[in-house]
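Asks: Structure, please.
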Amino acid sequence: MSIKAKLSLSISIIVAVILALSLSIYYFSSKAEVQSSLEQQVNNIAKQISLTITASESAKQSMEDAIGEKLRLAAIAAKAQLDPDIANVKNEQLVELSRKIGVDHITLWKRFGNDVIALKSSDPNEINMSSKTWDYWHIAFLQLFKNHNVTIPQGQKLENYWSGPFNFSTSDPKKIRKWGDYYDGTTNYMINPYVNAQVLLDFDYSIGTNSIVNKIIANQQDILEITGFDPQFFGKRPIIKMKKGIPVYNLDVRDIPFGQYTYKDQENDSIHIQNALETRQAVTAKSNIMGKQVMKTFIPITIDKTYVICISFDQQAILKPLNKQLIMQSIISLCLVLLSMLASYFIAGFMLRGLNQILSKVNAIASGDFGQLITIRSNDELGLLASRIDTMGSNLHSYTTQLQDTAEELRSTKQYLESFVNHTSDAIHVSDLSGSVIQVNKAFEKMYGWCEEEALGKPLENVPPDYLSSHQELESTVLRGGSVTDFETVRYSKSGELIDLSLTISPIRDELEAIIAIATISRNITSRKQSEEIIRRSEKLSVVGQIAAGVAHEVRNPLTTLRGFVQLQQKTGSLSQANLEVMLGELDQINMIVSEFLVFAKPQATHYQAVNILHLVSDIMMLLDSEAKMSNVQLDLLADPMLPEVIGEANQLKQVFVNIMKNGIESMPKGGMLSIKLECCRQESIIIQFIDQGCGIKEEDLIRLGEPFFTKKVSGNGLGLMVSQQIIAAHKGSIVFRSDYGKGTCVEITLPMRT
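Replies: All right, here's what the predicted structure looks like:
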């Protein structure tokens, strides 16, 4: 796709996004405003409907109360004409009396214990009926007989009188009647006149509540239905009673006393009804019922009891004008996007004419033609870009010439380096970070025996097993950015022969200073090692000579004494006991010197195993404790209880520690403290320090410690420290002497930990 098309498309997309955002903001803000206005309108309509229904229900209640008062007057009039004893009243008399006072029928009820029974009536169907199963009607009858007044909340309550709500008749379930019950105690029965109440029900459907509800729904198309809920019975199973074998749903126990309940959501509606009753305010809720977005408003009203009116609105129908307007604006926006795409396409073509010239110049530069010039001379960004590209072409021409000269120089340098690498006597090989060889020189082939084809692409596996750990440490050092110089070691050749080498290992980095390979230079030092071995042997022979001379010197002194006593024996023919003891002492001295010499000179068979240094030192301290106390010396041990083990020969290490501790005790003839410290260090080794408070060692004598027969003791022979140094060296450890003359000495022994 060309820049022209891309630019046009990009502008169109931006315009489309802006219009879409504008439409979205408009739609949601208008929707929120409409919904808010709708909710306010719904609340107003609901309140008006509530007031209308309240007025209608009040009018109906007034009519019912007026009928109730009429029935009371009829009952009082009947009482005046009837005998106070029910036994003296006849049914025919009640028929005539009903017609005379203007009621449908009169029934006389009498109480028998906890039951009230109709004994006499102008309606034969009423005779012998019991009120025991009539719920609050039965309670009202009992209260009227007992107290002459009724206190239950249902019905109309006057003096000596109670009238229940109009309902289906028990004696004739097809008829709706209104009853009045009068009892003042002057008779042994309750007078119950009643009339047909169909007029009240007709009033409800003609001009009453249900009529008003139907008219409101017909006039308001957005109102789906209006429902009146009786909270006392809503959500419960309907109370249906059998009257004369006919199931009857009484008017006073219905959960929906007026209106329709088609859009049902009983679980949530119950919650909203309770909220409306608790807050005594209108509650609005939205739900999806029967595929419609329905908004319901629940309003509590109180007439003879508390009801909740629910007005259900079709929310989607209200939003139809808004959706229609949204579709219209979307069509307009689409036309604007197409218009902006067309306009931006022509504008982009006009603006890109200069860019096409610049592109032609860049293509010429890419093909190697640096002489072409751009004719754009405007002061805008394209003019500045054209000027810069002309300058760039000129500079590229100059840089290209320089690069050609530099490339020729680099080619010459490369040839020189290749000649140097291939003709040097040191073996050079380069490995990648995985260890595979990627380059070798001719000296490598000659020194190790592998040709270039055999070595490339594979790891160089010529490290003896004993040197693997040190080789890995060298690689780690180089990979961390360090380098290794003149590291002496041994490696295998292709034939399996060990070669003494001096290695120099360096990292190879890229232009970002990241390590990408490792270069190793190997120098054969076998000849030098052989020369050094010859020199070491000469030095050893010289040392042996010195030791032999020293031993001869030390042995000659007691031999001179022995020779003198032997000559004395020759002259006198006898020796005293004292002379013999001196001779035995001198022989013991010779035996000790020779024994120490043999210990030093004779190779000892060693069996290395794990040694617990803490236990070993503790045992020696117990061994030397009595000798230390005799010299008034205190032994103090400072050690880590979790000190690791070392690998060694316990008896040899014990010989070293005993020798050093006895030297420390002997250096404190006036008493003092000998401290032994055991600790670990970071180099994976254990440090044992013997610190005394003795006379110390002079600086000129400190450097001679360990020489054969060098000692400052009167009874010493100078071989103890020499043997100790040899034992520590055999354990791959070290021994260091530090002393402050006149203050004390510290002997520090370092041994490697067990691994």
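Asks: Next, work out how far apart the residue nearest the centre of the chain and Ile518 are.
Replies: Central residue of the chain (Cα atoms, centre = their mean): Arg480, 33.2 Å from the mean position. Shown here: Arg480 relative to Ile518, a distance of 12 Å by Cβ to Cβ, to the nearest Å. In short, each C-beta sits where N, CA and C put it, glycine included.
Asks: Would you mind measuring from Leu637 to Val294?
Replies: 91 Å.
Asks: The two: which has the busier surroundings?
Replies: Regarding Leu637 and Val294, a neighbour count based on other Cβ atoms under 10 Å identifies Val294 as having more, with 20 against 13.
Asks: State the pLDDT value of that one.
Replies: The predicted local confidence for Val294 comes out at a pLDDT of 86.
Asks: for the one 3 residues further on, same thing?
Replies: The predicted structure scores Thr297 at 87 on the pLDDT scale.
Asks: so where's the stretch 151-300 of the chain uncertain?
Replies: Within the stretch 151-300 of the chain, the set of residues satisfying pLDDT under 70 comprises 201, 203-205, 207-208, 238-246, 248-253.
Asks: need the helices for it, in chain order.
Replies: Counting by DSSP state H, counting those that start in this stretch, the stretch 151-300 of the chain forms helices over residues 198-206, 209-219, 266-279, given from the N-terminal end onward.
Asks: got it, and the stretch 351-500 of the chain?
Replies: Listed in chain order (using DSSP H, counting those that start in this stretch), the helices of the stretch 351-500 of the chain are 353-366, 381-423, 442-448, 452-455, 468-479.
Asks: could you say what helices and strands the longest one packs with?
Replies: In this case it means helix 381-423. helix 353-366, helix 442-448 (3 or more Cβ pairs under 8 Å, 6 or more residues apart in numbering; DSSP states H and E).
Asks: Let me know the average pLDDT across the longest one.
Replies: What it means is helix 353-366. In the prediction, helix 353-366 has an average pLDDT of 68.
Asks: Stretch 496-508 too?
Replies: The predicted confidence, averaged over stretch 496-508, sits at 88.
Asks: and that stretch, which residues are buried?
Replies: Buried residues in stretch 496-508, defined by neighbour count with 16 or more other Cβ atoms under 10 Å: 499-505, 507.
Asks: just stretch 257-274 next, same as before
Replies: For stretch 257-274, by 16+ other Cβ under 10 Å, it's 257-261, 263, 265, 269, 272-274.
Asks: Could you find which two of these are furthest from each other?
Replies: The span of these, defined through Cβ to Cβ, is set by Gln260 and Gln274 at 21.7 Å.
Asks: if we can go back for a sec, give me whichever of the helices of the stretch 151-300 of the chain is most buried.
Replies: Stretch with highest mean neighbour count among the helices of the stretch 151-300 of the chain: helix 209-219 (a mean of 17; mean count of other Cβ atoms under 10 Å).
Asks: could you say what helices and strands it packs with?
Replies: helix 3-81, helix 198-206, strand 223-229, strand 258-259.
Asks: With distance to Met642 added, can I get these in TSV?
Replies: Below are these laid out as TSV (distance: least, Cβ to Cβ, whole Å):
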stretch	distance to Met642
helix 3-81	70
helix 198-206	97
strand 223-229	81
strand 258-259	88
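Asks: Tyr416: which of the ones you listed is closest?
Replies: Taking Cβ to Cβ as the criterion, helix 3-81 is the member of the helices and strands packed on helix 209-219 that comes nearest to Tyr416, at 49.4 Å.
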